[in-house]
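Peer 1: Kindly generate the corresponding structure for this input.
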Amino acid sequence: MIIILKKVSPKTQLEDVTDFLAPAVYGHWLNRRGRIERILTFIQKNIETHIVRHHVLVDISPDFVAKRVIKALNKQYLAGKYIAVSEYKVRTWHNDGRINHGYSYLRNQNNDKRINGRRNEYEDFISEISASKYDKA
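Peer 2: Sure, this is the predicted structure:
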């Protein structure tokens, strides 16, 4: 399962993220251990307002360990900021509410506000930094 750490401090290093995740991922002697498969940090900038946001994607296996990490680390302190930890949902054409699947009569009834893109047209990705196959065990 992929989890996302939203609005991370720009000063956050890869070692800070792994140290932050380690107690929940590796657990104590009664819990089953998980492992960190991949870490991806990316920077998102709004071109209009010049607001820069830093996010981190972490691939954790197995899934129940990732759920334990979300529950344990949501709204915790990491490198100077309280961050939100949640599941990262990959959007495909099967689960995309913006695509017309032939149910236009339902859209008119529900007044669906998700027809347009969720991302602001002025937002852009600046860079990506990846660490693949990271395993601390």
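Peer 1: Tell me where the protein has strands.
Peer 2: For the chain, the strands defined by DSSP state E occupy 2-8, 35-46, 52-61, 76-78, 81-87, 123-132.
Peer 1: Worst mean pLDDT among these?
Peer 2: Of all those, strand 123-132 carries the lowest average pLDDT, namely a mean of 62.
Peer 1: still on that earlier bit, pipe the strands of the chain into JSON lines and attach distance to E15 and mean neighbour count per row.
Peer 2: Using the backbone N, CA and C atoms, a C-beta is placed for each residue, glycine as well. As requested, the strands of the chain are exported to JSON lines (distance: least, C-beta to C-beta, whole Å; neighbours: other C-beta atoms under 10 Å):
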{"stretch": "strand 2-8", "distance to E15": "13", "mean neighbour count": "18"}
{"stretch": "strand 35-46", "distance to E15": "11", "mean neighbour count": "17"}
{"stretch": "strand 52-61", "distance to E15": "12", "mean neighbour count": "18"}
{"stretch": "strand 76-78", "distance to E15": "12", "mean neighbour count": "14"}
{"stretch": "strand 81-87", "distance to E15": "16", "mean neighbour count": "15"}
{"stretch": "strand 123-132", "distance to E15": "10", "mean neighbour count": "11"}
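Peer 1: Need those strands in TSV (columns: distance to L21).
Peer 2: Output for the strands of the chain, formatted as TSV (distance: least, C-beta to C-beta, whole Å):
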stretch	distance to L21
strand 2-8	9
strand 35-46	6
strand 52-61	7
strand 76-78	9
strand 81-87	9
strand 123-132	12
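Peer 1: Thank you kindly, that will do.
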